Structures are given as C-alpha cells and as structure tokens.
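> fold the stuff below for me.
(one chain, ligands or ions: 1)
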Amino acid sequence: MRLPFHYYGDPVLRTRCLDVREINDEIRTLVSDMIETMDAHDGMGLAAPQIGKLLRLFVIRNHNVDERGYIKLTTPQAFINPQITIEGDEFDEMTEGCLSIPGIREMVRRPFKITVEAMDEHGKTYVETREGLDARVVLHENDHINGVLFIDRIDKRAKKRIEPLLRNIKKKYDN
Ligand SMILES: [Zn+2]
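Predicted coordinates for the structure are as follows:
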C-alpha cells in the first residue's frame, strides 16, 4: 500500500524519531509499504517521518553504476535503529534532492565513508561499510530520523536562493 507523503513545512519532518521497540508484523508491513511508496516516487531512500511515522527506520534502494555512468537501482534494504560511525576524514560533495522537498536540488558535503550497524525487518543485526553515494544515501535518510533535512547542510548563499521555493512548497502542501 502506498503511504501518504509529508512535505517540507510539516513538523513531523523536524522531530527526532524514537527507536523501534519490537520488530513485528506491523513493522514488516510498514517496511514493505515504505518500499512501495519509495519506488512509486522513484526515490533512492525513504525515512519513516516522510510518511508521518516518528520511528528510527528508513529504507533505501541499493544501486549499480553501469559503464556509461548510469545508476541502476537494485535491491531494497531496511535500516532499523541504525547507528552510524564516520570513517576517516574524507568528504565529498554531490547534488541531493529529497522527496519531501520537491523541485530543489543542491550540493551537499558529506563524509565519504561510514560504517552502519542496523537491524533488518526480521530483527537481524548487520554491520556494513559504505562509501560515496552508498554512504550518502544512508546519511541523508539517517538525518531524517533526527529531524534534519539536506537543506540544513547547504551553504548560506544556496539557502538564501531557495528560500522563496521553500515558501512555495510550504504554501502548496499547507501543513
Ligand atoms: Zn529526504
């Protein structure tokens, strides 16, 4: 089932989410609905607050990059109660967008390499190291469950430039 979306301006996107206490059928249904919702919007990731649930849970679609540089989305993955460790001191910059802030894409600087420990939808704990875009997607979604949006991480000039667009989004979705 596709879930209704919450957009920029909705306080649900600015709230620190709570740990998932128990991984049960309800959570598994939520994960599966979130994956369906993410795919319906061609997203690479979707965090629980974006569909109005204040839980430390997000889903992403992994991807491959082909020889021409095109990104092909592959398997979905759930991250429940994730813990992130930044590895090293390397950063990179890439353009990001967000399904909750339609029409805005800006450069964001993020750590290049992370280790993430999380549970999947069956309650199994896993640990993995991710780099580049693979790390970025996780960091973007992890920000969501802390009430942080990518526009909080762009430079001041860009922030100023998109202010009118943000006001329009707020007005359009009236939340
Ligand atoms: Zn987002």
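
> got the phi/psi numbers for the most centrally placed residue in the chain?
Among the residues of the chain, the smallest C-alpha distance to the mean C-alpha position (C-alpha atoms, centre = their mean) belongs to E141, namely 2.3 Å. Main-chain torsions, E141, degrees, to the nearest 10: phi -70, psi -40.

> quick check: closest non-adjacent residue to it.
Spatially, and ignoring its direct neighbours in sequence, E141 is nearest to F58 (3.8 Å; C-beta to C-beta, 6 or more residues apart in numbering). The way it works is simple: take the backbone N, C-alpha and C, and place the C-beta from them, glycine included.

> so the one you found sits in a helix?
No. According to DSSP: H, G, I helix; E, B strand; the rest coil, F58 belongs to no helix; its state is strand.

> please name the residues that touch it.
When contacts are counted by C-beta atoms under 8 Å, 6 or more residues apart in numbering, F58 touches M34, G45, L46, A47, A48, A78, F79, P82, E141, N142, H144, I145.

> residues of the longest helix seen in the chain that come out buried?
Secondary structure of the chain read by DSSP state H shows that its longest helix is helix 156-173. Across helix 156-173, burial judged by 16 or more other C-beta atoms under 10 Å covers I162, L166, I169.

> using CSV, lay out the residues you listed together with distance to K156.
CSV is the format used below for those (distance: C-beta to C-beta, whole Å):
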residue, distance to K156
I162, 11
L166, 14
I169, 20
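
> tell me the pLDDT of the nearest residue to A158 once chain neighbours are set aside.
In space, A158 comes closest to E106 once its chain neighbours are excluded; the distance is 5.1 Å by C-beta to C-beta, 6+ apart. What the model reports for E106 is a pLDDT of 97.
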